[in-house]
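1. here is my input; please provide its structure:
(2 chains)
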Protein chains: 2
Amino acid sequence: MTSDESPSATAFVPGHITGFFSAHPAADSRHAGSRGAGVALTDGVRVTVSRGDGLRLNGDSVEIAAVDRVFDALGIDGGVDAETPLPLGTGFGVSGALALGTALAANAVFDCGRTENELITLAHCADVDAGTGLGDVVAQARGGLPIRLEPGAPGIGELDAIVDAPRIEYLTFGEMSTEAVLGGNTDRLSAAGERALNRLLAEPTVDRFMTVSSEFADEAGLLTPAVADAIAAVEASGGRAAMAMLGRTVFATGRSLSAAGFEPHVCGVDFAGGRLNRVVDADGTCSLAAAEPTESVRREPAGRK
Amino acid sequence: MTSDESPSATAFVPGHITGFFSAHPAADSRHAGSRGAGVALTDGVRVTVSRGDGLRLNGDSVEIAAVDRVFDALGIDGGVDAETPLPLGTGFGVSGALALGTALAANAVFDCGRTENELITLAHCADVDAGTGLGDVVAQARGGLPIRLEPGAPGIGELDAIVDAPRIEYLTFGEMSTEAVLGGNTDRLSAAGERALNRLLAEPTVDRFMTVSSEFADEAGLLTPAVADAIAAVEASGGRAAMAMLGRTVFATGRSLSAAGFEPHVCGVDFAGGRLNRVVDADGTCSLAAAEPTESVRREPAGRK
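-> Just a heads-up that it's a prediction; the model follows:
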């Protein structure tokens, strides 16, 4: 654990749900990524880096290849203590959040002297090279409702966004391997993703985002039975839901999941994106303390009523 | 005023202090702008757009050319009620904040169907064409501690950022005409701005930002006596302060102004940048309500002790 006498820094990075995407691998991972759209969540990952070692997620020792790769790229080795209400492997970009949060906080602790774009690039490449993400990091860095127009790191890829701030509901049924899906044939998926992006850009609203995301999940052939059932139940009650790419997770805007009888997790849109929010110097003084992320809505327990 | 039965939308846009810059005018205002660096503030402008008319700032009717230009560009006409603790014409980018906030909120009220980049571009061009700003809008849209690497609207200009979250103190002595400064010979100012940017990029930290901003204010020949005296007083007490471009305003990080015996306004860094945070539909229901900006530190009265 981080002691008060040891220098440390804490970053917050929002979770990110992708509604639809097309995969764009590339030999140079700065150019690799995805086109698509998603939502950055007030539920995210709080990452504290210190001069210790190891990675603990909610108190448990874990191995996350993207975090190791960030330290390697910075040429340093530090300890990471991360906390999140989000489960791993279920489509919330937790690996990307850990990579970006580690980069932002390590830069402060070890005086790496990097700019924000350089740290985002490091984290993007780490997540891509580890096979755990293909566009979460750049979206998590921007916040809001990012549209990935062109794949790649800052200065290479291109982002836009939907201007809105919906309430978000979500429900998780279990993991799905990002590596397995992205390592297979992604032609069908990517064709569906390109269609969805064109339809969203013709009408860049949250309603259209949910419609094309729901269609994408179906067309991409990634639906699992529990996810398909939940989406169908929401649509039968007049709401709209879609699948978080890539996880066995259903998400919806407004009250679509609760109106259909589910008891979802509830959060809001995080507009700030990944940011450093606390640095403790070697003498134990806290040299800065930015606003912690504020949830726009009360969290509620998950499960079916 | 906005009635509960009339559709309306509210956006928040942070104030923005530029520490140094070089001016880059262009015939096409999407390509015009500035290179430089600054800080987005938790003190900002709350802009509510409704189907009424007129522009009220803190309850007083005012004319802001940039706001008129935003409505013209969207082909609509609406009413604007804005609130801010920041004074106009003193280097906080209030005109840019009004333009961007109006664009974000009007898009929701009038279903304009624009993306975030399109609305930022509209507001950037409006502020540039009105002669009231030359880079505030893109920085206010990003939030944090933006570095303007290349001038221009999204997709044309290029931004990076310093990764940090300092406490900000500021003190205002009065107005300065942005139009008059930018309309004159800016060669000396721009040469100093380019030097400052190169020095910041060599070491992208808040300390270096304050150092090069202080040097820039001196080299650009824009210091007024009260501003120069305050900066000298801060430096004499071991702190660091600089001038907000363009206004008779001194800003500092940490407690540099208070340590020198001033009673500054205090705020934090706004990481989210301009965002929509409330839409009231025609039937009076509030369809969304994102987190309001959270100040990281308590506001204090301004003035000399």
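
2. what's the mean pLDDT across the helix or strand hosting A:Met210?
-> Taking DSSP states H and E as the definition, A:Met210 sits inside helix A:206-219. What helix A:206-219 shows for mean pLDDT is 96.

3. measure how the helix or strand following it sits relative to helix A:206-219, angle-wise.
-> Helices and strands here follow DSSP H and E; after helix A:206-219, the next one along the chain is helix A:225-236. Here helix A:225-236 points in a direction 140 degrees away from that of helix A:206-219 (axes from the mean of the first three to the mean of the last three Cα atoms, to 10 degrees).

4. packing partners for helix A:225-236?
-> Under the contact criterion of 3 or more Cβ pairs under 8 Å, 6 or more residues apart in numbering or on different chains; DSSP states H and E, helix A:225-236 touches strand A:168-174, helix A:206-219, strand A:241-243, strand A:248-253, helix A:256-259, strand A:262-263. Using the backbone N, CA and C atoms, a C-beta is placed for each residue, glycine as well.

5. can I get the ones you listed in CSV with distance to A:Ala282 and mean neighbour count?
-> Formatted as CSV, the helices and strands packed on helix A:225-236 follow (distance: least, Cβ to Cβ, whole Å; neighbours: other Cβ atoms under 10 Å in any protein chain shown):
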stretch, distance to A:Ala282, mean neighbour count
strand A:168-174, 40, 22
helix A:206-219, 46, 21
strand A:241-243, 46, 28
strand A:248-253, 41, 26
helix A:256-259, 47, 22
strand A:262-263, 46, 18
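
6. reformat those as TSV; add distance to chain B.
-> Formatted as TSV, those follow (distance: least, Cβ to the nearest Cβ, whole Å):
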stretch	distance to chain B
strand A:168-174	11
helix A:206-219	9
strand A:241-243	17
strand A:248-253	9
helix A:256-259	13
strand A:262-263	20
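
7. adding distance to B:Glu215, write those out as a markdown table.
-> Output for those, formatted as a markdown table (distance: least, Cβ to Cβ, whole Å):
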| stretch | distance to B:Glu215 |
| --- | --- |
| strand A:168-174 | 46 |
| helix A:206-219 | 46 |
| strand A:241-243 | 52 |
| strand A:248-253 | 49 |
| helix A:256-259 | 55 |
| strand A:262-263 | 58 |
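
8. quick check: closest non-adjacent residue to A:Ser76.
-> For the record, residue A:76 is Ile, not Ser. Leaving aside its sequence neighbours, A:Ile76 sits nearest to A:Phe110 (Cβ to Cβ, 6 or more residues apart in numbering or on different chains; 4.8 Å).

9. relative to A:Ser190, how far out is that neighbour?
-> Per Cβ to Cβ, to the nearest Å, A:Phe110 is found 38 Å from A:Ser190.

10. swap in A:Thr178?
-> Where A:Ser190 is concerned, A:Thr178 sits at a distance of 15 Å (Cβ to Cβ).

11. ok, now A:Asn117?
-> In terms of Cβ to Cβ, A:Asn117 sits 27 Å off from A:Ser190.

12. then A:Val62?
-> For A:Val62 relative to A:Ser190 (Cβ to Cβ), the value is 31 Å.

13. neighbour-wise, which of the two wins?
-> A:Ser190 (18 against 14; other Cβ atoms under 10 Å in any protein chain shown).

14. helix or strand for the more buried one, which one?
-> helix A:187-202.

15. cool, and A:Arg278?
-> Using DSSP H and E, A:Arg278 falls in strand A:275-280.

16. what's that strand packed up against?
-> strand A:8-24, helix A:94-109, strand A:286-289.

17. how does it look with 10 Å?
-> Judged by 3 or more Cβ pairs under 10 Å, 6 or more residues apart in numbering or on different chains; DSSP states H and E, strand A:275-280 is in contact with strand A:8-24, strand A:33-50, helix A:94-109, helix A:116-129, strand A:286-289.

18. so what's A:Ala230 closest to, chain neighbours aside?
-> That would be A:Val250: by Cβ to Cβ, 6+ apart, it lies 4.4 Å from A:Ala230.

19. any weak-confidence spans in the stretch 151-300 of chain A?
-> Applying pLDDT under 70 to the stretch 151-300 of chain A flags residues A:284-300.

20. try 80 this time
-> Low-confidence regions of the stretch 151-300 of chain A, defined by pLDDT under 80, span residues A:178-180, A:182, A:281-300.

21. surely A:Gly183 touches A:Leu134?
-> No. When contacts are counted by Cβ atoms under 10 Å, A:Gly183 is not listed as touching A:Leu134 (11.2 Å).

22. which neighbours do the two share?
-> Residues touching both A:Gly183 and A:Leu134 by Cβ atoms under 10 Å, 6 or more residues apart in numbering or on different chains: A:Pro25.

23. report how many residues lie close to the residue lying closest to A:Gly52 once chain neighbours are set aside.
-> Using Cβ to Cβ, 6+ apart and skipping residues adjacent in sequence, the residue nearest A:Gly52 is A:Gly79, 2.9 Å away. Counted with other Cβ under 10 Å, residues neighbouring A:Gly79 total 18.

24. now do the same for the residue found closest to A:Leu100 once you drop the neighbours it is linked to in the chain: its pLDDT.
-> Excluding its sequence neighbours, the residue lying closest to A:Leu100 (Cβ to Cβ, 6+ apart) is A:Ala123, at 4.0 Å. If you check A:Ala123, the pLDDT there is 98.

25. got the contact list for A:Ala123?
-> So A:Ala123 contacts A:13, A:66-67, A:69-70, A:73, A:95-104, A:133, A:136-138, A:140-141, A:153, A:274 (Cβ under 10 Å, 6+ apart).

26. and the helix or strand where A:Val67 lies, what's buried?
-> Assigned by DSSP H and E, A:Val67 falls within helix A:65-74. Neighbour counts over helix A:65-74 (16 or more other Cβ atoms under 10 Å in any protein chain shown) mark A:Ala65, A:Ala66, A:Val67, A:Asp68, A:Arg69, A:Val70, A:Phe71, A:Ala73, A:Leu74 as buried.

27. can you name the element that comes right after that helix?
-> The helix or strand immediately downstream of helix A:65-74 is strand A:79-83, counting by DSSP H and E.

28. returning to that earlier point: tell me the pLDDT of the residue nearest to A:Gly52.
-> The model reports A:Gly79 with a pLDDT of 97.

29. identify the bridge partners of it.
-> Under DSSP bridges, the beta-bridge partners of A:Gly79 are A:Ser50.

30. so what's it up against?
-> With Cβ under 10 Å, 6+ apart, A:Gly79 has these contacts: A:1-2, A:6, A:8, A:48-56, A:109.
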